[in-house]
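[1] the following comprises the amino acid sequence and a computationally predicted model.
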Amino acid sequence: MKPVLDVQKISMDFGGLRALNEVDLVINQGEIVALIGPNGAGKTTFFNCVTGIYEPTEGSVMITPPGKESKRINGLKPNQVTELGMARTFQNIRLFPSMTVLENVMIGRHCRTKTSVFGAVLRTPRARREEEEVVDRSYALLKRVGLGKYYSELSSNLPYGAQRRLEIARAMATDPFLLLLDEPAAGMNPHETEDLKRLVVRIREEDKLSILLIEHDMKMVMSLSDRIYVMEYGKKIAEGTPKEVRANPRVIQAYLGEEENA
Ligand SMILES: Nc1ncnc2c1ncn2[C@@H]1O[C@H](COP(=O)(O)OP(=O)(O)OP(=O)(O)O)[C@@H](O)[C@H]1O
């Protein structure tokens, strides 16, 4: 079976700065893969290149959604990438603060609806049915991430950890086959991080999703990931199982270097 995501030798230049330098990364169906590395290594830039926020300067990004043809997605816009089945969350939470918790998920779901603007304005029976489906699906997702009872709250009133879970629900609402999570545990306490870990595993199992996450919480990365890629200064310096990566001298050096500089 082809990998669901196959990134080959992508590079990204910002003026004279090469933020990514020929990075390869593969995700197979059902895998949980982590992308780690010291601050500024290029992890978020990698996510941005894969999800259409930036077009990589070089290299290729291929996806193969389960049961579908492979497609090269370099240069597509973020909404086109989402429609093809890749959804993401952001390091700096990007919810709509003045919308309710439920509405934030509904926004994600609308990328899968077919009603035209006219249908929505005229409230045709089809539009009404579709809207009901959006509400039901969105509420069901909220319950799955443990936020059902907060559906009518403004998203900005939620505690930080809950906002991160809401972002995951919104991403899930787009029916992805691949979910990219940018530092999902950032700012969470150990109890919330444990809950998050369970949620990620459940999502993979129940929805048959593949997951790529950027994360600094090494305990979480080591216990959750099937495989790990390590980056430093825009380059991939190691890949392997958690056990292999933990024992890799190059990785140990990169992290010790970070501590010394801190
Ligand atoms: N839009 C941009 N314009 C110019 N430089 C950028 C831009 N985005 C990122 N960079 C630079 O690219 C490098 C990689 O940054 P990136 O945010 O991808 O690292 P990161 O590994 O995600 O770091 P962190 O763990 O701190 O989030 C950094 O030197 C950063 O300053």
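    Great, that's in hand.
[2] so where is the stretch 51-200 of the chain shaky, pLDDT-wise?
    112, 114-122 (pLDDT under 70).
[3] those strands in the protein, which residues are they?
    Counting by DSSP state E, one finds strands in the chain at the ranges 5-14, 17-27, 32-36, 58-63, 71-72, 86-88, 178-182, 210-214, 227-232, 235-240.
[4] now do the last one: everything it contacts.
    The reference is to strand 235-240. Residues outside strand 235-240 that contact it (C-beta atoms under 8 Å, 6 or more residues apart in numbering): 21-25, 37, 42, 227-231, 244-245, 248, 250-251, 254. Glycine gets a C-beta too; all of them are placed from N, C-alpha and C.
[5] for it, what is the distance to the chain centroid?
    The chain centroid and the centroid of strand 235-240 are separated by 20 Å under C-alpha atoms, centre = their mean, to the nearest Å.
[6] same check, this time on stretch 79-98
    On C-alpha atoms, centre = their mean, the centre of stretch 79-98 falls 8 Å from the chain's centre.
[7] what number of residues lie near Pro249?
    Other residues near Pro249 come to 8 when the count uses other C-beta atoms under 10 Å.
[8] do you know how far Ala19 is from Ser156?
    31 Å (C-beta to C-beta, to the nearest Å).
[9] and Asp136, by the same measure?
    25 Å.
[10] repeat for Gly234
    Taken as C-beta to C-beta, the span from Gly234 to Ser156 is 35 Å.
[11] neighbour count winner among the two?
    Using other C-beta under 10 Å as the criterion, Gly234 and Ser156 rank with Gly234 on top: 22 against 13.
[12] need the contact list for that one.
    Gly234 makes contacts with Met12, Arg18, Ala19, Leu20, Asn21, Val23, Ala41, Gly42, Thr45, as judged by C-beta under 8 Å, 6+ apart.
[13] restrict those to those near the ligand?
    Ala19, Ala41, Gly42, Thr45 (C-beta under 6 Å from any ligand atom).
[14] mind putting those residues into JSON lines with distance to Leu209 and pLDDT?
    As requested, the ones next to the ligand among the contacts of Gly234 are exported to JSON lines (distance: C-beta to C-beta, whole Å; pLDDT from 0 to 100):
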{"residue": "Ala19", "distance to Leu209": "28", "pLDDT": "96"}
{"residue": "Ala41", "distance to Leu209": "25", "pLDDT": "94"}
{"residue": "Gly42", "distance to Leu209": "24", "pLDDT": "96"}
{"residue": "Thr45", "distance to Leu209": "23", "pLDDT": "96"}
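[15] and Leu256, what pLDDT?
    Looking at Leu256, its pLDDT reads 62.
[16] please list the residues of this structure that sit near the ligand.
    Residues of the chain lying near the ligand by C-beta under 6 Å from any ligand atom: Phe14, Leu17, Ala19, Gly37, Asn39, Gly40, Ala41, Gly42, Lys43, Thr44, Thr45, Gln91.
[17] correct me, but the fourth one touches Val245?
    No - contact status for Gly37 versus Val245: not in contact, 11.1 Å apart, counting by C-beta atoms under 8 Å.
[18] list only buried entries from the contacts of strand 235-240.
    Buried subset of those (neighbour count, 16 or more other C-beta atoms under 10 Å): 21, 23, 25, 37, 42, 227-231, 245, 248, 251, 254.
[19] which residues touch the most centrally placed residue in the chain?
    Centroid check for the chain by C-alpha atoms, centre = their mean gives Leu180 as the closest residue, at 1.7 Å. By C-beta under 8 Å, 6+ apart, the residues touching Leu180 are Phe47, Val50, Thr51, Met86, Ala87, Arg88, Thr89, Ile211, Leu212, Leu213.
[20] the closest residue to Glu192 other than its chain neighbours - how many residues pack around it?
    Distances taken as C-beta to C-beta, 6 or more residues apart in numbering put Gly161 closest to Glu192, at 3.9 Å, once the chain neighbours are dropped. Neighbour count for Gly161, taken as other C-beta under 10 Å: 19.
[21] ok, Gly161 touching Ala186?
    No - using C-beta under 8 Å, Gly161 is not in contact with Ala186; the gap is 9.8 Å.
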